[in-house]
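Predicted coordinates and the sequence they were generated for:
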Amino acid sequence: MGTEENKAIVRRLFEEVWNKGNTAVVDELIGPNCVVSWTDTAYVHGTEEYKQFVASIRTTYPDWNLEIDEMIAEGDTVVVRSRFRGTHLGTLVNAILGTIPPTGKQVRSTGIYIYRIAGGKIMDNWILTDVLGVGRQLGAIPPAPAQ
């Protein structure tokens, strides 16, 4: 597949799976042995765990919205710079922040997502998000000191 087809796969993942919560599409877009790594830890393995991952995020932030700011593709790799927002209405369980009960606060943040695509499916995904910023917005981390 070419870079435009690979970009279309990622765009569809953002729009249908993440923004609409349509996990039925996961089997079409994600390889059965896909690994999602977040902060250097293999976090999700395969399509069933991916569906659970999406469901947990959308339970924590029911109005979750992920916007693509920039997308770059070369060979089998697609990189996305994005923004996300959502209202924290469910318990957040995070390896860095711990467990945070619902706050009702609106969260906005940024992320970089790198995808490796083979045979028309996402096989690997590396995620880097502003966890510190999210923690500050939710009150789990103190604000930065004034300069």
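Happy to help now that I have it. Please read all numbers here as calculations on a predicted model, not as lab measurements.

Show me where this structure dips below the pLDDT cut-off.
Low-confidence regions of the chain, defined by pLDDT under 70, span residues 40-42.

Which other helices and strands does the strand ranked longest in it contact?
Longest strand in the chain, counting residues (DSSP state E): strand 106-118. Under the contact criterion of 3 or more Cβ pairs under 8 Å, 6 or more residues apart in numbering; DSSP states H and E, strand 106-118 touches helix 3-12, strand 77-87, strand 121-129, helix 131-137. (Each C-beta comes from the backbone N, C-alpha and C, glycine too.)

Need the residues that contact the last one.
With Cβ atoms under 8 Å, 6 or more residues apart in numbering as the test, helix 131-137 has contacts from 39, 94, 96-97, 105-110, 141-144.

hmm, try it at 10 Å
38-39, 84, 86, 88, 92, 94-98, 100, 103, 105-111, 130, 140-144 (Cβ atoms under 10 Å, 6 or more residues apart in numbering).

In the sheet, which strands lie alongside the helix or strand where T99 lies, parallel or antiparallel?
Under the criterion of DSSP states H and E, T99 resides in strand 98-100. Paired strands of strand 98-100, with direction, are strand 92-94 (antiparallel) (DSSP bridges).

chain center to the partner strand: distance?
Averaging C-alpha coordinates over strand 92-94 and over its chain gives two centres that are 14 Å apart (Cα atoms, centre = their mean, to the nearest Å).

and L66, which of the helices and strands packed on strand 106-118 is closest to it?
Across the helices and strands packed on strand 106-118, L66 has its closest neighbour in strand 77-87 (4.7 Å, Cβ to Cβ).

centroid residue for the chain?
I127 (6.8 Å; Cα atoms, centre = their mean).

quick one: that residue from Y113, how far?
Going from I127 to Y113 by Cβ to Cβ, to the nearest Å gives 6 Å.
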